[in-house]
Each structure stands twice: as C-alpha cells, then as structure tokens.
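Enquirer: quick one, what's the 3D model for this:
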Amino acid sequence: MMQVFCSPLRYVQGISASNQLAQQMDAVGMKPPVLLVASKSARSQAEKAWQESMKQLGWEFSILDFTGECTPKEIDSVVARAKTLGVKSLVGAGGGKVLDTARAAANICNISIALAPSIASTDAPTSALSVVYDEQGKVLEYRIFKRNPDLVLVDLSLIAQAPVRFLAAGIGDALSTYFESDACRLSRKPNMRSGLSTQAAFALARFCFDSIIADGADACVAVANKIVSPALERIVEANTLLSGLGFESSGLAAAHAIHNGLTMIPSTHDFLHGEKVTIGVLTQLALEGKPRPFFQDIVRFLKSVNLPTRLKDLGIDANDLNVINTIAKRATQPGETIHNEPFPVTAAMVADALRAADALSAQV
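Expert: From the prediction side, this is the model:
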C-alpha cells in the first residue's frame, strides 16, 4: 500500500483575515462569481469584510444562509442554488457543519471551494471529508472527496469573539488525533485517503498533542476574555491545521467511532462534536489499556478546559446497559474506524471500555 499525504492548497491564519477573503481566493486561482454559504453568526460578524474584499476585486457574489445541519437535503439545496447562479467558486463560513455542507456541494458541482471557519471547534476545515447527518442528528455517513479545499482562511478576530466552549470542543477533537494516528500506525491500517501514513503526518499529530497540552488552558482563558494571544494562535493552528492534516493523512480509530455511537443517544445531540469525541478519547485509552497515571493526566487536562470526562456529562447513565450497548454496537459496525485499532474490537469490549473509562475518570 502506498503512503499518502494530503493537504489544502493554501492555509491562511491571522487577525482580520476576513478582510482578505477575495484576495486569498484569487491567489490560488479561484474565480467569480462566488456563492458564500454562511451561518447566521459568521454572516453577522464578517459580511461587511467579505463585501469590501469582493468589491476591491470587482467580484460578483451571493450569500446563502445555512439552516443548521449537514444533511443530504441541505447539501442538495446548496447545489441547486450554486447551479442556478452559475457560480465558479463556493465558500463555506461558520462552524464545522456549514463547512462540511459547502465542501460536499462544491464536490458535486465540481467547482473550487474555500472554507472560512468562524470557530475553532473541529479539525474539519483542511480535509476532503464531510460528515453527513440525518434529520435526527445521527451520523449517516462519511463522504470522502477527491480534493482538499483550495483555501482555508481562519480569522483569529472571529475565533476570539466566539464562546470559549467552541474552542474547548476543538481541543477535544484535536486531542484524539495523536491517539488515533498512533493506532493506525501500529496496525498499518489506511488513512482517510486510502493510503498508509507518512512520518510527516504522524509527526504533525504528535506536535498537535504537545501543543494542546502546553497551550490549551491558556488559550481558553484568552477566548474567555476575547483576547488574541500567542497561546490562542498556537491552539487555533493545532485545532485546525495540525489536527486536520494529522487525522486525514494518519487515520481515525476508536475515538471517532465511539463519537458516532454516542450520536445514537438523543441526550447527546445538544453537545458539540469535540465534546463527544472527548469521551471517545478516554474510552479508546481504556480500550487500549493505557497506564492509569497517563489516563488520569489526560482527565485532569480535560477538566482544565471544561470538557466532559464522564458519561453523565453527556446525559448518559453508565449503568444503563441498554444505552451502553447501543453505543457500542454502533461504534463497532462493519466499516467503522474502530477496526483500525491494532487488535480486533468487539461491541462487548467497547461497552466495557465505556464503563471502565467512566469509573477511572470518577476517581480523578
């Protein structure tokens, strides 16, 4: 099997980066007219900057409001609008589900795509993958595309204005990257691009972990006070670029499969992706039998950034075996990334690991 490493064509991060949206799109060869799919929050904060940037280049553009969920219906709606307008480029602006929707629509339309996250809550922006949900909020499928985004543009000014919960969720999502990358490295299972990992991808995953542990708590303090600090700059890069490159080119394993299992439980639907992935990380560590002192260190870190460490934090009773078994069954269905672990994994093992991780976390 070949080694494969993928990345976006261009990554731009900085204060007031929204002011350069059209110029950065132009720098990678993207063309007007442009359809910009935006969350309500991103539009309210950055629309004037987008307008001025597009005006400077004389680019025609339209804005389509995002409805809130990356579903097949929403993707088809964006595709229909893009085709009606005859656009040559598409921009997604907002949170992870907006970006996933825009990416999927651009792939169907075979047009260029730029992604402008307004929160640093996931590692979705740099990848060629969209997580698609059904109307009830359950994970339906991963859609993997032929190409990564042409441009990822991260405006630190917007990140600093967002609720700190979003940054913490991004830290939870990014925390999984090293552990899942290591599992795929040991098992020699394929990454998200159907190839083996490279030394570069694994090194990025490890650097992502080190950055998160070093700067995560300080970055959360900065956002809580709406400050762009050096720690925040490093964490946004870790959450977005390092984690994005690391997971896509190294691979996913138990943590994200357990996240998918958690989405089967209605009480988890109001929690962010990274908050659920955090429980997946702890369960993966228990499943792999990591030493207790290391496990406890991770729990202490998660508590320092106000991320969930117990099933009850997601509204789940660890003693409700029907719920636990539902999660475990979904996490281990055929084709799930949990089978990238370097040993066979069964639903019974996951059920035990969920409860073991919960019990170990309770002792910290």
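
Enquirer: CA only for contacts and neighbour counts going forward, please
Expert: Fine.

Enquirer: neighbours of the nearest residue to residue 252 once chain neighbours are set aside, just the number please.
Expert: Using C-alpha to C-alpha, 6 or more residues apart in numbering and skipping the chain neighbours, the partner closest in space to residue 252 is residue 180 (5.1 Å). Residues lying near residue 180 (other C-alpha atoms under 10 Å) number 27.

Enquirer: again with residue 276
Expert: Residue 276: 29 surrounding residues under other C-alpha under 10 Å.

Enquirer: what is residue 34 paired to in the beta sheet?
Expert: Residues found in beta-bridge contact with residue 34 (criterion: DSSP bridges) are residue 61, residue 89.

Enquirer: got a list of what it touches?
Expert: 59, 60, 61, 62, 87, 88, 89, 90, 91 (C-alpha atoms under 8 Å, 6 or more residues apart in numbering).

Enquirer: hang on, the fifth one in a helix?
Expert: No - Residue 87 sits outside any helix when classified using DSSP: H, G, I helix; E, B strand; the rest coil, being coil.

Enquirer: return the distance of it relative to residue 106.
Expert: Counting by C-alpha to C-alpha, to the nearest Å, the separation of residue 87 from residue 106 is 10 Å.

Enquirer: you'd agree residue 273 is up against residue 169?
Expert: Yes - taking contact to mean C-alpha atoms under 8 Å, the distance of 7.0 Å between residue 273 and residue 169 places them in contact.

Enquirer: which neighbours do the two have in common?
Expert: Taking C-alpha under 8 Å, 6+ apart as the contact rule, residue 273 and residue 169 both touch 121, 122.

Enquirer: who has more neighbours, those two?
Expert: When neighbours are counted by other C-alpha under 10 Å, residue 273 and residue 169 differ, and residue 169 comes out ahead with 28 against 23.

Enquirer: pull the contacting residues for that one.
Expert: With C-alpha under 8 Å, 6+ apart as the criterion, the residues that contact residue 169 are 121, 122, 272, 273, 274, 275, 307.

Enquirer: show the backbone phi and psi for the first one.
Expert: As for residue 121, its main-chain torsions (degrees, to the nearest 10) stand at phi -100, psi -10.

Enquirer: go on, the fifth one?
Expert: Comment: the main-chain dihedrals of residue 274 come out as phi -70, psi -30, following degrees, to the nearest 10.

Enquirer: so which residues of the stretch 251-364 of the chain form helices?
Expert: Using DSSP state H, counting those that start in this stretch, the helices found in the stretch 251-364 of the chain span residues 254-262, 273-287, 292-304, 321-331, 347-362.

Enquirer: what's the angle from the first one to helix 321-331?
Expert: The one in question is helix 254-262. Here helix 254-262 runs at 120 degrees with respect to helix 321-331, directions being taken by axes from the mean of the first three to the mean of the last three C-alpha atoms, to 10 degrees.

Enquirer: so which elements touch helix 254-262?
Expert: With contacts defined as 3 or more C-alpha pairs under 8 Å, 6 or more residues apart in numbering; DSSP states H and E, helix 254-262 has these neighbours: helix 164-187, helix 273-287, helix 321-331.

Enquirer: using JSON lines, please lay out those together with mean pLDDT and distance to residue 111.
Expert: Below are the helices and strands packed on helix 254-262 laid out as JSON lines (pLDDT from 0 to 100; distance: least, C-alpha to C-alpha, whole Å):
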{"stretch": "helix 164-187", "mean pLDDT": "97", "distance to residue 111": "28"}
{"stretch": "helix 273-287", "mean pLDDT": "98", "distance to residue 111": "28"}
{"stretch": "helix 321-331", "mean pLDDT": "98", "distance to residue 111": "34"}
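
Enquirer: CSV please, covering those helices and showing distance to residue 338.
Expert: Rendered in CSV, the data for the helices and strands packed on helix 254-262 read as follows (distance: least, C-alpha to C-alpha, whole Å):
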stretch, distance to residue 338
helix 164-187, 9
helix 273-287, 9
helix 321-331, 7
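
Enquirer: of all those helices, which lies closest to residue 243?
Expert: Ranking the helices and strands packed on helix 254-262 by their distance to residue 243 (criterion: C-alpha to C-alpha) puts helix 164-187 first, at 5.2 Å.

Enquirer: then that closest one to CSV, C-alphas only?
Expert: Below are the C-alpha coordinates for helix 164-187, written out as CSV (Å, rounded to 0.1, in the frame of the first residue of the first chain):
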residue,chain,number,x,y,z
VAL,A,164,-15.0,29.6,24.8
ARG,A,165,-17.0,26.3,24.6
PHE,A,166,-16.3,26.1,20.9
LEU,A,167,-12.5,26.4,21.3
ALA,A,168,-12.6,23.8,24.0
ALA,A,169,-14.6,21.4,21.8
GLY,A,170,-11.9,21.9,19.1
ILE,A,171,-9.3,21.0,21.6
GLY,A,172,-11.2,17.8,22.4
ASP,A,173,-11.5,16.9,18.8
ALA,A,174,-7.8,17.6,18.2
LEU,A,175,-6.7,15.6,21.3
SER,A,176,-7.9,12.5,19.5
THR,A,177,-5.6,13.0,16.5
TYR,A,178,-2.4,11.7,18.1
PHE,A,179,-4.0,8.6,19.7
GLU,A,180,-5.9,7.6,16.6
SER,A,181,-2.9,8.2,14.4
ASP,A,182,-0.8,6.0,16.7
ALA,A,183,-3.4,3.2,16.5
CYS,A,184,-3.3,3.4,12.7
ARG,A,185,0.5,3.5,12.7
LEU,A,186,0.7,0.3,14.8
SER,A,187,-2.0,-1.5,12.8
